[in-house]
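# need a structure here:
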Amino acid sequence: MTRHFGVLIPSTNTTVEIECRLLPPIYQAHVGRLMTSTPGRTFSPSRDEDIDYQSRLLGTAKVALVILAQTSASLFADDYDDSVIRRMSAGAGVPAVTSAQAVGRAVRALGARRIAVVSPYSADVNQRAGHYFAAKHGLEAVALEGFGATDSYAIGQLGSENARDAFARIDRPEIEVFVVPGGNFPTMTSIAAWEREFGKPVVTTNQASFWTMLRAFDAANGVPGFGRLLAEVPAG
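Predicted coordinates for the structure are as follows:
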């Protein structure tokens, strides 16, 4: 039986839909786009009215879950996850989750606490990420590394070598998991190779979102080829 889920993405995102197509056909993603609430401000949350409207449309497709694939939005207000989840659930009539929540829960499901955050973001946004994962998920960010991107659209053009080189620079024994936030940063097809090279799990925005979807559908089988998280689908 085909399982349907909804994904909300910033209007500038060119990656999430492509990575959704890597899933087995039984899992069908339906996508709504959102305009930024603050034109000219990089990585700002999306407009509430767009979240309401697009969630309502996704509900008419009878999706079973709605995911907001915009990790950076959760970093700018301590109550953002709670408020946006209420909006999405009210609009679609189904459970909802943010990708930031998915990442934090995925790390905990892997039995880890100490992370390295490697992202396309600026140092300031990375600091916010470290605070978020500590405050909301009890994780310790022992390293923060970013590419300093200021254009969200341009993130979709970055190569995976940016993350691999960052891992090599900062890797040390106390890091249990590499966390790579950024739904527009193409990562899915590189995760397995990164894990083989560095010997530790890698959790990315889209991968963690898909893990949450698999858990919501109580999937009997994992999705191999995209890292330990999707291959094993650990409970969390």
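
# Against Pro95, how distant is Phe178?
Phe178 is 28 Å from Pro95, where distance means CB to CB, to the nearest Å. Bear in mind the C-beta positions are built from the backbone N, C-alpha and C, glycine included.

# Among the two, which residue is more densely surrounded?
Per other CB atoms under 10 Å, whichever of Phe178 and Pro95 has more neighbours is Phe178, with 26 against 14.

# Identify all contacting residues around the lowest-mean-pLDDT helix or strand in the chain.
Sorting the helices and strands of the chain by mean pLDDT, DSSP states H and E puts helix 152-155 at the bottom, at a mean of 82. With contact meaning CB atoms under 8 Å, 6 or more residues apart in numbering, helix 152-155 is reached by Pro10, Thr12, Asn13, Thr14, Thr15, Thr42, Phe43, Pro120, Ala149, Gly182, Asn184, Phe185.

# buried set for that helix?
Ser152, Ile155 (16 or more other CB atoms under 10 Å).

# One more: stretch 174-186?
Applying 16+ other CB under 10 Å to stretch 174-186 flags Ile175, Glu176, Val177, Phe178, Val179, Val180, Pro181, Gly182, Gly183, Asn184, Phe185, Pro186 as buried.

# Tell me which residues are up against the helix ranked longest in the chain.
In the chain, taking DSSP state H as the definition, the longest helix is helix 123-137. The contact list for helix 123-137 (CB under 8 Å, 6+ apart) reads 43, 71-72, 74-76, 78, 81, 100-101, 103-105, 107-108, 115, 117, 119, 121, 139-141, 144-146, 148, 179, 181.

# Just the buried ones out of these, please.
Using 16+ other CB under 10 Å, the buried ones in these are 43, 71-72, 74-75, 81, 100-101, 103-105, 107-108, 115, 117, 119, 121, 139, 141, 144-146, 179, 181.

# Restricted to helices, list these.
Among the buried ones among the contacts of helix 123-137, the members falling in helices (DSSP H) are Asp81, Ala100, Gln101, Val103, Gly104, Arg105, Val107, Arg108.
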